[in-house]
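Asks: Sequence first, then the predicted structure, then my questions.
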Amino acid sequence: MASDEESNVSDAESGKSSTATVLSARRIKDVEGGLSFVTSEIDLSKECKKDTINTFNTTFEEFLQTKAELSLDELNRCLVLLGTCPNISQFEPENVEISTLFINVHKLLSTIESRSSLLWSALSFVEQAAQNGSARVALVQKFKYMEILGKLLDTLSNPDRILRVLKLLECLTYGITITWQEPYLKDLIKALVNFITGENEILIAPALSTLINLCYKNLPPVYLLLRCIQPEEFLTKIEPYGILACKMSLLLENNLDGVMENDILAFVKFTFSEIHRALRTFNLGLLRHTVEFFADMKANRAICMHFESYDNYPEDVQCILQYIIAVDNSPDYDVDVVKEAKRGWSQCISLLFEFLINVVNLKADVLKTLFPKMASCALKWIISTKAGPQSLELLTSLVNKDGIY
């Protein structure tokens, strides 16, 4: 989704930075479920360590005093390196230098124009840092990035750039806790509703996903949303958006009474098709909502009884496992794995394992023939930073169900 300006940022890095970043990462080993970088020209993990972070912080302080163009060039160089660094563990917010970095990038985003290529380098860094779970929470709760990104959204007219900011907001808002009507919420919710009810279809799903994240288990945003919409018209508009529409409907109506068994069985079948679609398209937002919504429905006793009567679990689970195995064994896997890693494949696997844990705990008796295949998939990812914990939890569930020893 990068614009020409954003591409020029990469090319301008003395002909080396982004070119070396992309081209020197020849392949990624299996130790991170396909996410351990091996580079020949430049060691990105070293380039992204304290020197780059400290250089950015020092240069930013100089820039605030001098406004020198050379300082902007150096800031851009640092952000490009940080935005392409695979070692997301370094972005732990407890670190003083990282906290200072987050504060300075926030100041930078609030002082430069949306047309500046430096701003998009800064957003690339925020996108990368947000892959670290602790950093993602801190960016929202401690460093208040939601407000500055909401304001940025209001200044944009290019659909590709709007889409990029929406996807970042979608990532940051997942799991967000909102206990009061924070100042940025009203304008942000209005903007999201405008995108959802607008004509540009590529913006509807990420805007709707972000809105659901804001409202999920958070009453203040729900109240604000109800002031912005006519619920029936709004739900009619989003009806084609599957799981997202189901989840939003439940948030607005908060009512599971009267749901028929046939509707529930159709929902289970639809859940599997949505998971398969999300995996094929690396749609992390859709996968999150689908897995989360399935877990919520399973937690409802009345609905869970109908979940258990669904008779196609073995075939549907087998289909998903075959797809995962095919991707991992594909001859193109090493060639395309840099792109796959960037698009969040290991996070997709993590969410898939979370879903499989729910299914195994629900219907272990009919899935035991698939336990070895599930175990094999889980073992492949057990030392992955992002998918490892869920991999281990899936293996534990399989052992507890007497499927493997």
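Replies: Perfect, thanks for sending it. Numbering: from 1, shown residues only.

Asks: Am I right that E182 falls within a strand?
Replies: No - under DSSP: H, G, I helix; E, B strand; the rest coil, E182 falls outside any strand and is assigned coil.

Asks: got a list of what it touches?
Replies: E182 makes contacts with 146-147, 220, as judged by Cβ atoms under 8 Å, 6 or more residues apart in numbering. Every residue, glycine included, has its C-beta placed from N, CA and C.

Asks: Could you break this structure into its assigned domains?
Replies: 1-143, 271-405 (automatic domain parsing).

Asks: Kindly list the main-chain dihedrals of the residue minimising distance to the centre of the chain?
Replies: In the chain, the centroid-proximal residue (Cα atoms, centre = their mean) is C171; its distance is 4.3 Å. Main-chain dihedrals, C171, degrees, to the nearest 10: phi -70, psi -50.

Asks: For it, which non-adjacent residue is spatially closest?
Replies: Spatial nearest neighbour of C171, excluding adjacent residues (Cβ to Cβ, 6 or more residues apart in numbering): A130 at 5.2 Å.

Asks: which one of the contacts of E182 has the most neighbours?
Replies: Per-residue neighbour counts (other Cβ atoms under 10 Å) across the contacts of E182 peak at M146, which has 21 neighbours.

Asks: Doesn't that one lie inside a strand?
Replies: No - with three-state DSSP as the criterion, M146 is located in helix rather than a strand.

Asks: Quick check, pLDDT for it.
Replies: As predicted, M146 sits at a pLDDT of 95.

Asks: residue contacts, C377?
Replies: 321, 324-325.

Asks: go with 6 Å
Replies: Residues in contact with C377, defined by Cβ atoms under 6 Å, 6 or more residues apart in numbering, are I324.

Asks: Quick check: the gap between it and F353.
Replies: 8 Å (Cβ to Cβ, to the nearest Å).

Asks: low-confidence ranges in the chain?
Replies: 1-49, 254-262, 331-343, 402-405 (pLDDT under 70).

Asks: at 80 instead, please
Replies: Scanning the chain for pLDDT under 80 picks out the ranges 1-50, 86, 114-115, 253-264, 300-303, 305, 328-344, 402-405.

Asks: Give the other helices and strands that the helix or strand hosting E292 contacts.
Replies: Per DSSP states H and E: E292 is located in helix 284-299. Counting contacts by 3 or more Cβ pairs under 6 Å, 6 or more residues apart in numbering; DSSP states H and E, helix 284-299 is packed against helix 242-253, helix 261-280, helix 301-308, helix 345-367.

Asks: contacts for the first one?
Replies: The set of residues external to helix 242-253 that reach it, using Cβ under 6 Å, 6+ apart, is 208, 212, 215, 231, 235, 238-239, 274, 289-290, 293.

Asks: Just the buried ones out of the residues you listed, please.
Replies: Listed as buried from those are 208, 212, 215, 238, 274, 289-290, 293; burial here means 16 or more other Cβ atoms under 10 Å.

Asks: which of these sit farthest apart?
Replies: Farthest pair in those (Cβ to Cβ) is C215 and E274. Separation: 19.7 Å.

Asks: phi, psi of T66?
Replies: phi -110, psi -20.

Asks: Could you measure from it over to S134?
Replies: For T66 relative to S134 (Cβ to Cβ), the value is 34 Å.

Asks: more neighbours, the two?
Replies: Legend: neighbour count by other Cβ under 10 Å for T66 and S134, higher for S134 (14 against 10).

Asks: Can you tell me the closest non-neighbouring residue to G150?
Replies: Per Cβ to Cβ, 6+ apart, closest to G150 is L188, 4.1 Å.
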